[in-house]
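> Just need the structure, nothing else, for what follows:
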Amino acid sequence: MSILIAYYSLTGTARAVATALALDLGAELEEIRCTRYALGLRGFLRACHESWAGKLPTIEPLQHVPSRFDMVVLGGPIWAWHASTPVRAFLPRKAPTSATSRSF
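Residues are numbered from 1 along each chain as shown. Next comes the predicted model:
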């Protein structure tokens with residue numbers, strides 16, 4: 001089974017978890033890159049406001065095509081009680097057609 005682990009990490013915490021999981025599963029790793037947000041108070045406030053408002057940022061092109069994998073695992077932080085906006089911007093990408101979607 002081919003597995004892709006896609007993640008967004010602003011502080012590095014999600015990156016560490018995704019990397020460890022990819023090593024354990026023998027999966028490919030895809031970082032969701034978004035330059036709109038930065039560390040610090042201003043970046044925090046922007047991220048929270050846009051997450052709450054449902055605004056989706058532009059993310060950089062991906063290195064992998066998610067639809068070519070049997071399973072895609074998606075991870076990242078929670079902002080203002082929602083998945084971070086870069087993670088939500090990734091979701092419209094075509095998912096595997098035979099996959100069953102589950103939330104954990």
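
> list the contacts for residue 29?
Neighbour list for residue 29: 4, 5, 7, 18, 19, 22 [criterion: C-beta atoms under 8 Å, 6 or more residues apart in numbering]. Yep, even glycine has a C-beta here, placed from its N, CA and C like the rest.

> Wait, a helix at the fourth one?
Yes - using DSSP: H, G, I helix; E, B strand; the rest coil, the assignment for residue 18 is a helix.

> now it: how far from residue 54?
As for residue 18, its distance to residue 54 is 25 Å (criterion: C-beta to C-beta, to the nearest Å).

> Look at those two and report which has more neighbours.
residue 18 (23 against 9; other C-beta atoms under 10 Å).

> State whether residue 26 and residue 4 are indeed in contact, as I suppose.
No - at 11.6 Å, residue 26 does not count as touching residue 4 under the criterion of C-beta atoms under 8 Å.

> More neighbours: the two, which one.
Between residue 26 and residue 4, counting by other C-beta under 10 Å, residue 4 is the more crowded of the two (22 against 9).

> contacting residues around the helix or strand containing the more buried one?
Assigned by DSSP states H and E, residue 4 falls within strand 3-7. With C-beta under 8 Å, 6+ apart as the test, strand 3-7 has contacts from 14-15, 17-18, 21-22, 25-32, 62, 64, 66, 69-76, 90.

> Counting only helices, which of the residues you listed make the cut?
The members of the contacts of strand 3-7 that map onto helices under DSSP state H are 14, 15, 17, 18, 21, 22, 25, 90.
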